[in-house]
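Student: Sequence first, predicted model second:
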Amino acid sequence: MFRIDCFYWQAKLFLVLAVMLWIITLVNGQAFARDACSIGNAEQTTAVSMGLTGSSCGCVLRKSCPVAENSTGDSFLSHSGMLPDSYEPAELLKLHLEGEQMLLEGRIADAVHTFKTATERFPESRLAHAAYGYALRQKYRTSHDLADIKLAADEFLRAADIALKHGAVRYTDVIAETLGELKDDTRFNAFFEKVLSRYPDHYLAILDYANGLALLGDSRAEEFFRKAIELRPEGTNTAITNFGEFLISQGRFDEALQILVLKPGERLDYLYLLRGYALEKLGRLEEAKAEYTQYIPFSRDFPAPDKFRIPGSTTQKGIVFEGDVSPQDICTDMMNRFSTMIYCEASGESIGGMRAVGWTARTRVFNGTSLDPCLSFINNSGPSLCYKYWNVITQSGQFNDECGRRNPDTDQVARDVFYGNVPDPVNSWCPSGQIVSNPCTAYCSTPEYTGAHRNGPIWFYSTTSDTCSSSHPGAPNCSSNRGQTCQNGGWDHCFYQRK
């Protein structure tokens with residue numbers, strides 16, 4: 001039987017090696033197109049030297065930038081959170097990738113040393129401190145040494161402070177989780193109070209604060225869950241489900257049922273599980289069964305958390321739980337990776353922004369072809385549709401799935417895009433049937449799991465600007481700008497179609 005975990009690590013190792021070779025070439029100053037692009041030299045910032053800051057030229061791989069020589073398209077290093085900031089040198093990214101390679105090879109101690117060295121050489125680099133923190137967390141999983149997790153917390157806090165100095169809020173999720181695990185309420189509250197004093201309406205910071213307060217058993221969690229619900233981006237409901245789980249954990253089942261309600265036209269299948277669980281705990285078995293029935297199909301792609309299994313329950317019959325003894329097939333693994341990629345690329349965006357990222361992957365699955373030199377870089381091969389998605393999502397250098405996180409919204413988007421339940425918001429197009437209402441938030445009248453629009457999104461990259469360049473910097477001769485989509489839903493992404 002094919003072992004997907006082996007394939008995954010081999011693919012990731014290949015990604016690191018390939019990108020590392022590219023970065024080394026950049027640092028040595030051998031890959032710049034000075035006469036064609038006026039990009040600068042290897043001592044300039046990484047974002048500029050990679051041509052990823054909005055330049056319409058972007059031909060950083062070869063002198064004349066022909067399609068065949070730049071056929072790798074873009075790199076996930078141009079997406080959210082993966083590039084060093086503008087003040088960080090390209091050499092730092094080389095060190096970062098060296099450390100990532102060590103982690104992939106299981107050389108955790110070497111990776112910790114490499115990232116520590118990076119923080120010493122670049123003490124004002126948020127990327128270096130964050131990478132050191134993530135490596136220490138991984139070390140802690142086997143060492144169980146509190147010194148490791150405490151030092152990881154120090155590094156995440158340092159990285160977040162550097163980001164704040166440059167006007168960005170980062171790492172709130174991992175800081176809430178780490179300090180919550182440590183029960184370090186002093187530093188936890190100090191950090192989030194500092195963030196929220198500057199950004200009082202920052203949705204992710206407020207939601208992560210609520211999550212951390214829940215871990216600490218602090219009653220103020222309820223206040224901040226309610227505020228996160230008020231501020232949630234259009235169409236997203238993770239704040240609702242997290243608050244519902246918090247209430248359920250306290251045995252407040254009637255209150256949970258009042259919170260676990262969506263706006264008209266919204267959909268989140270995970271909510272059916274939580275409602276069913278609360279109803280069953282209240283003894284309302286027929287109502288619980290009706291909720292579970294709507295959740296069962298979703299559980300086949302995203303199994304239910306085992307903590308919601310009720311021993312001896314016949315009402316939950318048919319639900320697939322994480323703890324069930326059953327082989328994980330390629331489709332289940334693919335769905336998890338698809339959701340993770342959407343979280344890493346579009347966490348904090350509206351549901352429309354998440355869908356646009358998901359549809360970029362789907363468009364590659366169906367439109368990539370070796371017959372088109374602009375699209376031949378896409379690896380959409382495979383004996384089944386799930387394999388094709390897997391190869392597109394995990395292809396070297398294309399999408400960011402390094403954060404290792406998912407949430408109910410990204411699970412829903414991944415499943416809906418795969419089955420064609422929702423439209424491509426960049427083109428306002430359904431593969432079958434009609435769009436019911438707004439293409440950013442609504443659904444297709446008829447699901448269809450095959451097909452993509454001929455002008456569907458193929459590339460995207462991050463931007464802090466209100467405008468997008470006319471072509472993608474990594475594929476200037478192949479791409480045409482489709483702009484940012486779904487109002488603020490694509491705030492840090494510009495989308496591009498095949499020209």
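Tutor: Good, I have the coordinates.

Student: Sketch out the helices for the stretch 351-499 of the chain, chain order is fine.
Tutor: 351-367, 385-393, 408-419 (DSSP state H, counting those that start in this stretch).

Student: and these, which is most packed in?
Tutor: Mean neighbours per residue, mean count of other CB atoms under 10 Å, is largest over the helices of the stretch 351-499 of the chain for helix 351-367, with a mean of 27. (C-beta placed from N, C-alpha, C; glycine too.)

Student: Report the rounded mean pLDDT for that helix.
Tutor: Mean per-residue pLDDT for helix 351-367: 95.

Student: By mean pLDDT, point me to the weakest helix or strand of this protein.
Tutor: Every helix and strand of the chain was ranked by mean pLDDT, DSSP states H and E. The lowest is helix 34-37, at a mean of 27.

Student: ok, back up a step: specify the stretch among the helices of the stretch 351-499 of the chain that is closest to residue 241.
Tutor: helix 408-419 (4.9 Å; CB to CB).

Student: Tabulate the CA atom coordinates of that closest one in PDB.
Tutor: In PDB, the C-alpha atoms belonging to helix 408-419 read as follows (Å, rounded to 0.1, in the frame of the first residue of the first chain):
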ATOM      1  CA  PRO A 408     -13.600  24.500  10.800                       C
ATOM      2  CA  ASP A 409     -13.800  27.300   8.100                       C
ATOM      3  CA  THR A 410     -10.900  26.000   6.100                       C
ATOM      4  CA  ASP A 411     -12.100  22.400   6.400                       C
ATOM      5  CA  GLN A 412     -15.400  23.600   4.900                       C
ATOM      6  CA  VAL A 413     -13.800  25.600   2.100                       C
ATOM      7  CA  ALA A 414     -11.500  22.700   1.100                       C
ATOM      8  CA  ARG A 415     -14.500  20.300   0.900                       C
ATOM      9  CA  ASP A 416     -16.800  22.800  -0.800                       C
ATOM     10  CA  VAL A 417     -14.200  23.700  -3.500                       C
ATOM     11  CA  PHE A 418     -13.300  20.000  -4.100                       C
ATOM     12  CA  TYR A 419     -16.900  19.000  -4.600                       C
END
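
Student: and the angle for it with helix 351-367?
Tutor: 30 degrees (axes from the mean of the first three to the mean of the last three CA atoms, to 10 degrees).

Student: can you list contacts of helix 408-419?
Tutor: 236-238, 241, 267-271, 298, 301-302, 335, 338-340, 342-343, 346-347, 351, 354-355, 358-359, 361-362, 389, 421-422, 443, 447, 449 (CB atoms under 8 Å, 6 or more residues apart in numbering).

Student: the inter-axis angle of it versus helix 385-393?
Tutor: Using the same axes, to 10 degrees, helix 408-419 lies at 120 degrees relative to helix 385-393.

Student: so how far is helix 408-419 from its chain's centroid?
Tutor: 12 Å (CA atoms, centre = their mean, to the nearest Å).

Student: need the strands for this structure, in chain order.
Tutor: Secondary structure of the chain (DSSP state E): strands located at 435-436, 443-444, 459-461, 479-483, 494-498.

Student: Packed most tightly, which of the ones you listed would that be?
Tutor: Mean neighbours per residue, mean count of other CB under 10 Å, is largest over these for strand 459-461, with a mean of 27.

Student: Tell me where the stretch 201-350 of the chain has helices.
Tutor: Residue ranges of the helices in the stretch 201-350 of the chain, as given by DSSP H, counting those that start in this stretch, are 203-215, 221-231, 238-249, 253-259, 270-281, 285-299, 330-346.

Student: Of all these, which one is nearest residue 318?
Tutor: Proximity to residue 318 (CB to CB) singles out helix 285-299 among the helices of the stretch 201-350 of the chain, at 4.7 Å.

Student: Could you list the buried residues of the closest one?
Tutor: Residues 287-289, 291-292, 295-296, 298-299 are the ones in helix 285-299 that count as buried (16 or more other CB atoms under 10 Å).

Student: export that helix as CSV, just CAs?
Tutor: C-alpha atoms of helix 285-299 as CSV (Å, rounded to 0.1, in the frame of the first residue of the first chain):
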residue,chain,number,x,y,z
LEU,A,285,-32.1,12.5,21.1
GLU,A,286,-34.4,12.9,18.0
GLU,A,287,-33.2,16.4,17.5
ALA,A,288,-29.6,15.3,18.1
LYS,A,289,-30.0,12.6,15.5
ALA,A,290,-31.3,15.1,12.9
GLU,A,291,-28.2,17.2,13.4
TYR,A,292,-25.8,14.3,13.3
THR,A,293,-27.4,13.1,10.0
GLN,A,294,-26.4,16.3,8.3
TYR,A,295,-22.9,16.0,9.7
ILE,A,296,-22.2,12.4,8.7
PRO,A,297,-21.1,13.0,5.1
PHE,A,298,-18.6,15.7,6.2
SER,A,299,-17.1,13.3,8.8
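
Student: In contact with the nearest residue to residue 305 once chain neighbours are set aside, which residues?
Tutor: The shortest distance from residue 305 to any non-neighbouring residue, by CB to CB, 6 or more residues apart in numbering, is to residue 322 (5.9 Å). Applying CB under 8 Å, 6+ apart to residue 322 gives the contacts 303-306.

Student: between these, which has the most around it?
Tutor: Neighbour tally across those (other CB atoms under 10 Å): the maximum, 24 neighbours, falls on residue 304.

Student: Go ahead and confirm that one touches residue 273.
Tutor: Yes. Counting by CB atoms under 8 Å, residue 304 sits close enough to residue 273 to count as a contact (5.4 Å).

Student: which residues do the two both contact?
Tutor: 295, 319.

Student: In stretch 192-204, which residues are buried?
Tutor: Buried residues in stretch 192-204 (16+ other CB under 10 Å): 192, 195-196, 199, 202-204.

Student: Out of those residues, which is nearest to residue 230?
Tutor: Nearest to residue 230 among the buried residues of stretch 192-204 is residue 203, at 9.3 Å by CB to CB.

Student: The closest one against residue 348, yeah?
Tutor: Yes. Counting by CB under 8 Å, residue 203 does reach residue 348; the two are 6.3 Å apart.

Student: Name the residues contacting each of these two.
Tutor: By CB under 8 Å, 6+ apart, the residues touching both residue 203 and residue 348 are residue 233.

Student: To residue 110, which of the helices of the stretch 201-350 of the chain lies closest?
Tutor: Comparing these by CB to CB, helix 330-346 comes nearest, at 24.7 Å.

Student: Give me the helices and strands touching the closest one, please.
Tutor: helix 4-27, helix 351-367, helix 385-393, helix 408-419 (3 or more CB pairs under 8 Å, 6 or more residues apart in numbering; DSSP states H and E).

Student: Quick check: the gap between residue 461 and residue 437.
Tutor: 29 Å (CB to CB, to the nearest Å).

Student: likewise residue 138?
Tutor: From residue 138 to residue 437 the distance is 44 Å (CB to CB).

Student: So for the two, which sits in the more crowded spot?
Tutor: More neighbours surround residue 138 than the other of residue 138 and residue 437, with 16 against 9 (other CB under 10 Å).

Student: Quick check, the more buried one in contact with residue 106.
Tutor: No. Contact criterion CB under 8 Å: residue 138 and residue 106 do not qualify, at 10.0 Å.
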